[in-house]
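Student: build me a model from this:
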Amino acid sequence: VVGVNRRGQVLHLALNLPAVVPYVISKLKDPRLAIRLASRNGLPGAEQPFTEQFEELMKKKKLKDAAVVAADSPAEFLRTRETMDRFASFEGDALMTYLMTVLNRAGRLNEVESIAIGAQVVRSGKAHLLERWVVEDRVTSSEALGDILTHNARGSRTAMTMALAVFIKAEAHNKVVGCLAATGQVQRVWAYAEKVGLKLTKSELVGLAAQVDPRAALMLANTPLSASQNAQHQQIVLAQKKRKSAVDHSAMVDMFMKRGLLKEATSYCLDNLGDDPEDEQDVSLQSKILEANLMNNPQVADAILKQDIWHCFNAHKIAMLCERAGLFEHALELYADV
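Tutor: From the prediction side, this is the model:
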């Protein structure tokens, strides 16, 4: 309150908020009123009566009532991971009782509560509830909550779209890239990366997408860059006989191989490598892909060699591996070429 007295002095009066609840408890001797004031207005000073009431109800196993006290606690001081662990220690659906009580009374869950309820509903086959709460903004977005949605997606575009919304709100930029690719929005990946200032190479962006969906990563890897994107990647050089970009193909293949994605690495090389014996990258990667397939999936190596599209690999080494894999015809041909 601001006022002026008869002498012309300006007076500023304000309520000492931290003193309100202690005054009601000590002077008015009305702990119930103190609790109501603290709960409705978020005033400090009622931690002790709240804690005492909560502990008493927990001791009597009146879990629903204890959840109400926690939900109403000022500044959410009882809404912690420790409180959830205590509810989880009881048999049955005690933790879910706590979470639903808080959701209904407070209207929105904090981060740790959101993660916990997300795991609970997904585990019970009710992921649609989590998706609804995300739309209604009744849960707090976080990278962990988005991960719960992606792990449960099982090809569901709706679930992946919800996960994307959560990652965007949580500013989990790396996961946003993966979700955009997984939902077929490959063209938006570059725009998003530029918007939020992600200074990543194409191979690094593909690596992020591979963490969510290897097929989407391959699609992103094979998507040609626009003129402006080329500038960011220090120019793109295209040859007439092969699709080649400023992208480091070796880094791209290494990214796939480190994740055990030989199929995707092979597809990428078949789509992007040329057959130039003067190009060290072509020579190295042709050999690398053929070696890996001969040791892990000889049928694929057999098909590549039958197509007669690559000629820049280490013929002697590939011939020996063909021999070990039982591909004797290819072995003889390659030995003859050496």
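Student: mind listing residues that contact stretch 166-177?
Tutor: 134, 141-143, 145-147, 149-150, 163-164, 179, 189, 192-193, 196, 198, 205, 208-209, 211-212 (CB atoms under 8 Å, 6 or more residues apart in numbering). Glycine gets a C-beta too; all of them are placed from N, C-alpha and C.
Student: which of the residues you listed count as buried?
Tutor: For these, a burial check counting by 16 or more other CB atoms under 10 Å picks out 134, 141-142, 145-147, 149-150, 163-164, 179, 189, 192-193, 198, 205, 208-209, 212.
Student: coming back round to it: of the contacts of stretch 166-177, which belong to strands?
Tutor: Among the contacts of stretch 166-177, no member falls in strands (DSSP state E).
Student: find the nearest non-adjacent residue to residue 266, please.
Tutor: Once flanking residues are discounted, residue 266 sits nearest to residue 289: 5.5 Å by CB to CB, 6 or more residues apart in numbering.
Student: sorry, slip of the keys, the one I care about is residue 279.
Tutor: Nearest one to residue 279, counting by CB to CB, 6+ apart, is residue 312 at 7.4 Å.
Student: please apply the same query to residue 301.
Tutor: residue 293 (3.9 Å).
Student: what sits up against the helix or strand that neighbour falls within?
Tutor: Residue 293 belongs to helix 280-296 when assigned by DSSP states H and E. Here helix 280-296 makes contact (CB under 8 Å, 6+ apart) with 249-250, 253, 257, 262, 265-266, 269, 273-277, 300-301, 304-305, 310, 312-314, 317-318, 321-322, 324-325, 327.
Student: likewise stretch 205-213?
Tutor: Residues from elsewhere that reach stretch 205-213 (CB under 8 Å, 6+ apart): 150, 174-175, 177-182, 189-190, 193, 198, 200, 216-217, 220-221, 252, 255-256, 259, 261, 264.
Student: from these, which land in helices?
Tutor: Among these, DSSP state H puts 150, 174-175, 177-182, 189-190, 193, 216-217, 220-221, 252, 255-256, 264 in helices.
Student: how about the helix or strand where residue 98 lies: buried residues?
Tutor: Element membership for residue 98, per DSSP H and E: helix 94-106. Buried residues in helix 94-106, counted by 16+ other CB under 10 Å: 94-103, 106.
Student: quick check: angle from the next helix or strand after it to helix 94-106?
Tutor: Sequence-wise, the next helix or strand downstream of helix 94-106 (DSSP H and E) is helix 111-123. On the basis of axes from the mean of the first three to the mean of the last three CA atoms, to 10 degrees, helix 111-123 is oriented at 120 degrees to helix 94-106.
Student: for the remainder of this discussion, apply numbering that starts at 55.
Tutor: Yes, from this point I'll number from 55; that puts the last item at helix 165-177.
Student: quick one: list the elements packing against helix 165-177.
Tutor: helix 135-142, helix 148-160, helix 181-189, helix 197-206 (3 or more CB pairs under 8 Å, 6 or more residues apart in numbering; DSSP states H and E).
Student: now do the SS call for residue 129.
Tutor: helix (DSSP: H, G, I helix; E, B strand; the rest coil).
Student: distance of it from residue 239?
Tutor: According to CB to CB, to the nearest Å, residue 129 and residue 239 sit 40 Å apart.
Student: pick out whichever of those two has more residues nearby.
Tutor: Shown here are residue 129 and residue 239; by other CB atoms under 10 Å, residue 239 has more neighbours (15 against 12).
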